[in-house]
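Novice: My questions are about this predicted structure, shown below with the sequence.
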Amino acid sequence: QRSAAARHNMKLSTVSMMASGASAAHWAVIMAGSNTYGNYRHQADACHAYQIAKAKGIPESNIILLAYDDIANNSENPFPGKMFNKPDGPDVYEGCKI
């Protein structure tokens with residue numbers, strides 16, 4: 001019978017092997033915790049991070065984005081349905097699944 005320490009080390013080795021396998025999935029958790037148009041940049045930056053994660057190969061099903069989603073269609077937005085995180089940059093809201 002193995003000691004408790006030996007059983008623990010065996011469990012850790014098994015978990016380590018499972019986590020280091022080529023099939024380990026990548027995930028992204030992105031959060032913009034502020035709301036209102038005055039905090040536009042927070043949601044725009046979160047959508048930009050979402051776009052980067054997608055571009056780097058993380059499947060959309062593995063990207064968790066938490067945000068209020070009250071900017072793109074806000075009455076103060078001069079570009080309805082769009083968000084930009086830098087001047088003359090691309091619309092980062094397009095394809096951003098909040």
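Specialist: In hand now; what should we look at?
Novice: how about the helices in this structure?
Specialist: 4-20, 40-55 (DSSP state H).
Novice: which of those has the lowest average pLDDT?
Specialist: The minimum mean pLDDT among the helices of the chain belongs to helix 4-20 (a mean of 41).
Novice: Identify the residues contacting stretch 45-63?
Specialist: Outside of stretch 45-63, the residues within contact range by CB atoms under 8 Å, 6 or more residues apart in numbering are 25-28, 30-32, 65, 67, 83, 85, 90, 92-93, 95-98. All C-beta spots, glycine's among them, are computed from the backbone N, C-alpha and C.
Novice: what's the answer for stretch 90-98, then?
Specialist: Contact with stretch 90-98 is made by 44, 46-48, 50-51, 54, 60, 63, 65-67, 69, 71-72, 79, 81-85, as judged by CB under 8 Å, 6+ apart.
Novice: Drop anything exposed from the contacts of stretch 45-63.
Specialist: A28, I30, A32, L65, A67, M83, N85, V92, Y93, C96, I98 (16 or more other CB atoms under 10 Å).
Novice: Looking at these, spot the one nearest N39.
Specialist: Lowest distance from N39 to those (CB to CB) belongs to A32, with 7.9 Å.
Novice: for the closest one, what are its contacts?
Specialist: Applying CB under 8 Å, 6+ apart, we find A32 in contact with N39, H42, Q43, D45, A46, L66, A67, Y68.
Novice: Can you tell me which of those has the most neighbours?
Specialist: With neighbours defined as other CB atoms under 10 Å, the most crowded of these is Q43; it has 28 neighbours.
Novice: Tell me if I'm right that that one and N73 touch.
Specialist: No: under the criterion of CB atoms under 8 Å, Q43 is not in contact with N73, lying 11.6 Å apart.
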